[in-house]
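**Student:** the following comprises the amino acid sequence and a computationally predicted model.
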Amino acid sequence: MREFEVRLQSVLDVQEFVSLATARPFAVGIGDGSNQVNGKSFMEMFCLDLRRPLRVVVDCCEEEFERFCEDAGKFLVK
């Protein structure tokens, strides 16, 4: 399992993140500390508190993880 944090501040951010997650062959979970949802589901994403950073959890190899982080770079919490 690998993890990173993102901040999604608009509906367009959520839509773009879901598109990035959906393009991956592995499961993408995302949570706000209280709830954990499928990061490939646009509707489920709105169960999360988008005012806070979100923790993304993926189960993939290091190469896939690095590529996903690079693609999602504009959302990463640094």
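**Tutor:** Yes, it's here.

**Student:** which residues sit against the longest helix along the chain?
**Tutor:** Ordering each helix of the chain by length in residues (DSSP state H) puts helix 11-22 first. Identification of contacts with helix 11-22 by C-beta atoms under 8 Å, 6 or more residues apart in numbering yields 6, 8, 28, 30, 39-42, 45-46, 50, 68, 71-72, 75. In this view, the C-beta of every residue, glycine as well, is placed from N, C-alpha and C.

**Student:** now that helix: buried residues?
**Tutor:** 13, 14, 16, 17, 18, 20, 21 (16 or more other C-beta atoms under 10 Å).

**Student:** CSV for those residues, including pLDDT?
**Tutor:** Compiled in CSV, the buried residues of helix 11-22 are given as follows (pLDDT from 0 to 100):
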residue, pLDDT
13, 97
14, 97
16, 98
17, 98
18, 98
20, 98
21, 98
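
**Student:** switch those residues over to a markdown table; also include distance to residue 34.
**Tutor:** Shown next, in a markdown table, are those (distance: C-beta to C-beta, whole Å):
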| residue | distance to residue 34 |
| --- | --- |
| 13 | 20 |
| 14 | 18 |
| 16 | 24 |
| 17 | 19 |
| 18 | 20 |
| 20 | 23 |
| 21 | 20 |
